[in-house]
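A structural model of the following input is requested.
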Amino acid sequence: MAYTGRCACGAVTATIAAEAPIAVRQCWCRQCQQVAAGAHTTNAMFLTADVTITGTLGTHAYTAASGNTLTQSFCAACGTPVMGQVSARPQFRTLRVGFITPPHDLTPQMVIWTDDAPAWAVFPEGIERHARQPPPPPTS
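Model prediction:
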């Protein structure tokens, strides 16, 4: 299955030439909570070479708690979160699942940065959890 993506206004689109993501994760880091208005983000990781984005992106880069530079990208017109890029892992693009066009089969396989989650957070049962940043996923 290949994937596509679209922001709320249609100004930014994506084509993802992959049969499946490398990983799908819920992230509870503080920065993701800010992006998601207080909850987690749900993100699908794909190889950079498989992702083609068209349209104008706005970006914001900062040093994340992991110590890496994280660049958040969003539609410059409507603000829809599109993806994150981590300086330590340029081989991946981490797309926000809400940006990816449904229907799709993307469900979280892992929850990360659980130490930053608020006391009321609920984690899916039966999936891997990491208190902070997990090791990078394999690319094959």
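
wait, residue 29 sits on residue 68?
No - with contacts counted by CB atoms under 8 Å, residue 29 stays clear of residue 68, the gap being 11.5 Å. Yep, even glycine has a C-beta here, placed from its N, CA and C like the rest.

which one of the two has more residues nearby?
Neighbour tally, residue 29 and residue 68, criterion other CB atoms under 10 Å: the higher count belongs to residue 29, 22 against 14.

for the closest residue in space to residue 55 that isn't next to it in sequence, phi and psi?
Take residue 55 and drop its neighbours on the chain: the residue closest to it by CB to CB, 6 or more residues apart in numbering is residue 12, 3.4 Å away. Here is the backbone geometry of residue 12 (degrees, to the nearest 10): phi -120, psi 130.

List the beta-bridge partners for the residue positioned nearest the centre of the chain.
Centroid check for the chain by CA atoms, centre = their mean gives residue 43 as the closest residue, at 3.0 Å. Following DSSP bridges, residue 43 is listed with bridge partners residue 25, residue 96.

Check which helices and strands the helix or strand of the chain with the lowest mean pLDDT sits against.
For the chain, scoring each helix and strand by mean pLDDT, DSSP states H and E identifies helix 30-35 as the least confident one, at a mean of 90. With contacts defined as 3 or more CB pairs under 8 Å, 6 or more residues apart in numbering; DSSP states H and E, the secondary structure elements packing on helix 30-35 are strand 69-75.

Check the offset of the strand it packs on from the chain's centre.
Using CA atoms, centre = their mean, to the nearest Å, the mean C-alpha position of strand 69-75 is found 10 Å from that of the whole chain.
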